[in-house]
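**Q** kindly return the folded structure for what I paste below:
(chains A, B, C and D)
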Protein chains: 4
Amino acid sequence: MAVMEISVIPLGTSSTSVSPFVADCVKVLEEEGLKYEVTPMGTQVEGNLEALFEVARKMHEAPFQRGALRVVTTLKIDDRRDKPLSLEGKRTAVLEKLTQRRG
Amino acid sequence: MAVMEISVIPLGTSSTSVSPFVADCVKVLEEEGLKYEVTPMGTQVEGNLEALFEVARKMHEAPFQRGALRVVTTLKIDDRRDKPLSLEGKRTAVLEKLTQRRG
Amino acid sequence: MAVMEISVIPLGTSSTSVSPFVADCVKVLEEEGLKYEVTPMGTQVEGNLEALFEVARKMHEAPFQRGALRVVTTLKIDDRRDKPLSLEGKRTAVLEKLTQRRG
Amino acid sequence: MAVMEISVIPLGTSSTSVSPFVADCVKVLEEEGLKYEVTPMGTQVEGNLEALFEVARKMHEAPFQRGALRVVTTLKIDDRRDKPLSLEGKRTAVLEKLTQRRG
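**A** Below is the predicted model of the structure:
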């Protein structure tokens, strides 16, 4: 299991709003049945590597269906093989240590 | 108001775990009084541009205090001047359109 | 044809130097026969989308072969369908306009 | 000395071409007197941390001068304190090891 963050941005669409394009991408992701979270700056997904690359490929295609002529897709994959990785596990690890720092 | 995502990663630390370093960075952010969210893949912050760049500079420095000798900091700033931008507004815009798609 | 930038970083490797890992990744890329450039901050490649995703998947795997237990891979794909895109074309477009600005 | 890669992208500009905006940003950088390279996927700069953050702030502003209403700026800073870091040094380290792999 790895964790991916992906952001798909259309260029030259005349509108400064990109949320309709982002919603299309998330819809594609939802249909794959992977666990994910929509965050303000990108969508985060957990799954095996093959599934992550495959869904990234599909999400990248979505804005072209809505008429975009240029798309910039950025993705970051965090892949750890000495212990299981998950969206929830990553967040919890930071928040627990943050609580200690505050203590 | 702009929105920033920031990820600060130490290299060559011998441990595959980076959450202690990330918690330090979030602690620095917390002390600045900016609105933020810890996500599994990075920390997201809203604020004016000057404040964002300043806090990014401070967060980048944190791992060196804990002994890191090399740090790679990635940040993305989304700055929109035709309407107000916020963490909550960005997420809501996507989720509303996603609900329509599902409908 | 699209253009990709990719950066593959091992975490927890005890050495602050990552160039041996990067060289492995570039070697993998070289064997695919795609046009590429090594830049100080990442490797840039041109090719069709399928080839780019496939080589990214292979490059991501390389550091694990050298013993890394955690790898963070970041990639950005710029895909333009209203005109051909290439590494050389992108650079030239900027440099020509820069020459005009210098006047 | 640290090394930064920066990419400044305007959204909603109606044209799929962004090179005029990128050229403006590079012009701003040029005026700062820092060592830099234009690559197909972003501009890479070397300098001390303060100078890098300062120039990033200025480059981010450039597209708004040309009428953009939304700008997404991505930057990555690689900061190594156990030995000097430079654009040329980073590239050379990879290419030397790549030559060995080919050997």
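
**Q** could you give me the average pLDDT of stretch A:70-89?
**A** Within the predicted structure, the mean pLDDT of stretch A:70-89 is 97.

**Q** which stretches of chain A form helices?
**A** Taking DSSP state H as the criterion, chain A contains helices spanning A:19-32, A:49-65, A:87-102.

**Q** what is the last one packed up against?
**A** Put plainly, it is helix A:87-102. The helices and strands touching helix A:87-102, judged by 3 or more CB pairs under 8 Å, 6 or more residues apart in numbering or on different chains; DSSP states H and E, are strand A:35-39, strand A:42-47, helix B:19-32, strand B:35-39. (Each C-beta comes from the backbone N, C-alpha and C, glycine too.)

**Q** mind listing what's buried along it?
**A** When neighbours are counted by 16 or more other CB atoms under 10 Å in any protein chain shown, the buried residues of helix A:87-102 are found to be A:Leu87, A:Gly89, A:Lys90, A:Arg91, A:Ala93, A:Val94, A:Lys97, A:Leu98.

**Q** any idea how far A:Ala2 is from the first one?
**A** Spelled out, it's A:Leu87. Counting by CB to CB, to the nearest Å, the gap between A:Leu87 and A:Ala2 amounts to 11 Å.

**Q** so what sits against both of those two?
**A** Contact with both A:Leu87 and A:Ala2 is made by residues A:Glu46, according to CB atoms under 8 Å, 6 or more residues apart in numbering or on different chains.

**Q** contacts only, for the residue nearest to A:Arg102 when sequence neighbours are not counted.
**A** Spatial nearest neighbour of A:Arg102, excluding adjacent residues (CB to CB, 6 or more residues apart in numbering or on different chains): B:Lys27 at 7.5 Å. The contact partners of B:Lys27, taken as CB under 8 Å, 6+ apart, are A:Leu98, A:Arg101, A:Arg102, B:Ala62.

**Q** quick check: the gap between the last one and chain D.
**A** Meaning B:Ala62. As defined by CB to the nearest CB, to the nearest Å, B:Ala62 lies at a distance of 12 Å from chain D.

**Q** against chain C, how distant is the closest residue to that residue other than its chain neighbours?
**A** In this structure, B:Ala62 finds its nearest non-sequential neighbour in B:Asp24, 4.3 Å apart by CB to CB, 6+ apart. When CB to the nearest CB is applied, the distance between B:Asp24 and chain C equals 16 Å.

**Q** show me what contacts B:Asp24?
**A** With contact taken as CB under 8 Å, 6+ apart, B:Asp24 is in contact with A:Arg101, B:Ala62, B:Pro63, B:Gln65, B:Arg66.

**Q** which one of these sits in the busiest neighbourhood?
**A** Each of the contacts of B:Asp24 was scored by neighbours using other CB atoms under 10 Å in any protein chain shown; the highest score is B:Pro63's, at 26 neighbours.

**Q** pretty sure that residue is touching B:Cys25, no?
**A** Yes - contact status for B:Pro63 versus B:Cys25: in contact at 7.3 Å, counting by CB atoms under 8 Å.

**Q** ok, A:Lys2 - contacts?
**A** Let me fix one detail, which is that residue A:2 is Ala and not Lys. A:Glu46, A:Gly47, A:Asn48, A:Leu49, A:Leu52, A:Ile77, A:Asp78, A:Asp79, A:Arg80, A:Leu85.

**Q** could I get these as JSON lines with neighbour count and distance to chain D?
**A** Shown next, in JSON lines, are the contacts of A:Ala2 (neighbours: other CB atoms under 10 Å in any protein chain shown; distance: CB to the nearest CB, whole Å):
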{"residue": "A:Glu46", "neighbour count": "23", "distance to chain D": "23"}
{"residue": "A:Gly47", "neighbour count": "19", "distance to chain D": "24"}
{"residue": "A:Asn48", "neighbour count": "12", "distance to chain D": "27"}
{"residue": "A:Leu49", "neighbour count": "16", "distance to chain D": "23"}
{"residue": "A:Leu52", "neighbour count": "23", "distance to chain D": "21"}
{"residue": "A:Ile77", "neighbour count": "24", "distance to chain D": "16"}
{"residue": "A:Asp78", "neighbour count": "23", "distance to chain D": "16"}
{"residue": "A:Asp79", "neighbour count": "23", "distance to chain D": "19"}
{"residue": "A:Arg80", "neighbour count": "22", "distance to chain D": "21"}
{"residue": "A:Leu85", "neighbour count": "18", "distance to chain D": "22"}
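
**Q** let me know the closest of those to C:Ile6.
**A** A:Ile77 (10.7 Å; CB to CB).

**Q** what is the burial count for the residue lying closest to A:Val55 once chain neighbours are set aside?
**A** Nearest residue to A:Val55, sequence neighbours excluded (CB to CB, 6+ apart): A:Glu32, at 5.0 Å. Other residues within reach of A:Glu32 by the criterion other CB under 10 Å amount to 15.

**Q** I figured A:Glu32 hits A:Ala56, correct?
**A** No - in this structure A:Glu32 lies outside contact range of A:Ala56 using CB under 8 Å: 10.5 Å.

**Q** how much space separates A:Ala56 from A:Thr13?
**A** As for A:Ala56, its distance to A:Thr13 is 21 Å (criterion: CB to CB).

**Q** check A:Lys83 too.
**A** Computed with CB to CB, the distance linking A:Lys83 and A:Thr13 is 42 Å.

**Q** looking at these two, which one has more neighbours?
**A** Neighbours per residue (other CB under 10 Å) separate A:Lys83 from A:Thr13, with A:Thr13 holding more: 23 against 10.

**Q** report the separation between that one and chain D.
**A** 6 Å.

**Q** and that residue, what is it in contact with?
**A** A:Thr13 makes contact with A:Phe21, A:Gly67, A:Ala68, D:Leu11, D:Gly12, D:Ser14, according to CB under 8 Å, 6+ apart.

**Q** can you turn the buried part of those residues into a PyMOL selection?
**A** Here is the PyMOL command that selects the buried residues among these (16+ other CB under 10 Å):
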select buried, (chain A and resi 21+68) or (chain D and resi 11+12)
